[in-house]
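K.L.:
What would the 3D arrangement of this be:
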Amino acid sequence: MAATRAITIASNSTYSLLTNKPFLAGRALRLNNLKLFSRTNRSYTCKAIYYPEVTVKDEGQPQTLDYRVFFLDKSGKKVSPWHDIPLQLGNGVFNFIVEIPKESSAKMEVATDEPFTPIKQDTKKGKLRFYPYNIHWNYGLLPQTWEDPSLANHEVEGAFGDNDPVDVVEIGERQRKIGEVLKVKPLAALAMIDEGELDWKIVAISLDDPKASLVNDVDDVEKHFPGTLTAIRDWFRDYKIPDGKPANRFGLGNKAVNKDYALKIITETNESWSKLVKRSIPAGELSLV
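P.N.:
I've put the predicted structure just below:
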């Protein structure tokens, strides 16, 4: 049985897919009552949605191999949470899509190799994957970002990207729902190195959290959420150890870097995503629909 629920996207303005700036010029078109921005020289098919609401449709039963969480536009057409939800909202605010609610352990993730990139539970050797213990923060992705596996980061041991959207650890007090889209502001970043691949963790907070106005940078996190940055680093360092794998490592001095650095990461990975969807970089098995 499929269930449909409404999710509000934290956006009420129109943004360009490639520049993420307010729509000022160009050719607007209307498709199924959804306003899209189109450039005449675009040769790829994914389009950013700007309507402030999408619905989330569950297909299959949770904790089964067939379970998927799809995103639908107002007309009921499937859209991609990775490609079609805008990244920036202006004034340092970004959209964040929840994959894993805090205090849960099912390893949910956007299926980057499936059409419309629904959220599903990750598998290994045909079995559903669970973390060995609950994750204590809401976890998910920044849309329209991509960590390019062909690009070496010389500031982080020359590690290459992990071929996924950028991960977000949202430290607010509320447990969120799978598929919920939140307005967040980045506060810090951790450069995790997972089996040689660079897997950024952006630490952020939802704007509707009671402490959101108090935290604007990495030092504020330590002041108002004492011990949280260390706890996040240690959780991601150690979560594979119970499965017999080595601990993950962290670059940049094994510490969280500040907001400006986090914003630089977001900008760079958004640029990589733009090249991906323009097909300037081979997509491999990734879905661009």
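K.L.:
and residue 231, which of the three is it?
P.N.:
With DSSP: H, G, I helix; E, B strand; the rest coil as the basis, residue 231 sits in helix.
K.L.:
show me the contacts for it.
P.N.:
For residue 231, the contact set (CB atoms under 8 Å, 6 or more residues apart in numbering) comprises residue 136. In short, each C-beta sits where N, CA and C put it, glycine included.
K.L.:
next one: residue 140
P.N.:
96-100, 167-168, 170.
K.L.:
From those residues, pick the one nearest residue 107.
P.N.:
Nearest to residue 107, judged by CB to CB, of the contacts of residue 140 is residue 100 at 7.1 Å.
K.L.:
Residue 162 versus that closest one, what's the distance?
P.N.:
Here residue 100 is placed at a distance of 17 Å from residue 162 (CB to CB, to the nearest Å).
K.L.:
mind listing the helices in the stretch 101-250 of the chain by residue range?
P.N.:
Counting by DSSP state H, counting those that start in this stretch, the stretch 101-250 of the chain has helices at residues 218-224, 228-238.
K.L.:
burial of residue 193, as a residue count?
P.N.:
Using other CB atoms under 10 Å, residue 193 has 17 neighbouring residues.
K.L.:
can I assume it is in contact with residue 158?
P.N.:
No - counting by CB atoms under 8 Å, residue 193 sits too far from residue 158 to count as a contact (10.3 Å).
K.L.:
before we move on, back to that, which of the helices of the stretch 101-250 of the chain sits closest to residue 66?
P.N.:
helix 228-238 (28.7 Å).
K.L.:
in the closest one, what counts as buried?
P.N.:
By neighbour count on 16 or more other CB atoms under 10 Å, the buried set for helix 228-238 is 228-229, 232-233, 235-237.
K.L.:
Stretch 172-182 now?
P.N.:
Neighbour-count burial for stretch 172-182, counted by 16+ other CB under 10 Å, picks out 172, 176, 178-182.
K.L.:
do stretch 103-114 as well
P.N.:
Buried, per 16+ other CB under 10 Å, within stretch 103-114: 104, 106-112.
K.L.:
Would you mind putting the buried residues of stretch 172-182 into CSV with pLDDT alongside?
P.N.:
Listed next are the buried residues of stretch 172-182 as CSV, based on pLDDT from 0 to 100:
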residue, pLDDT
172, 98
176, 98
178, 98
179, 97
180, 96
181, 96
182, 97
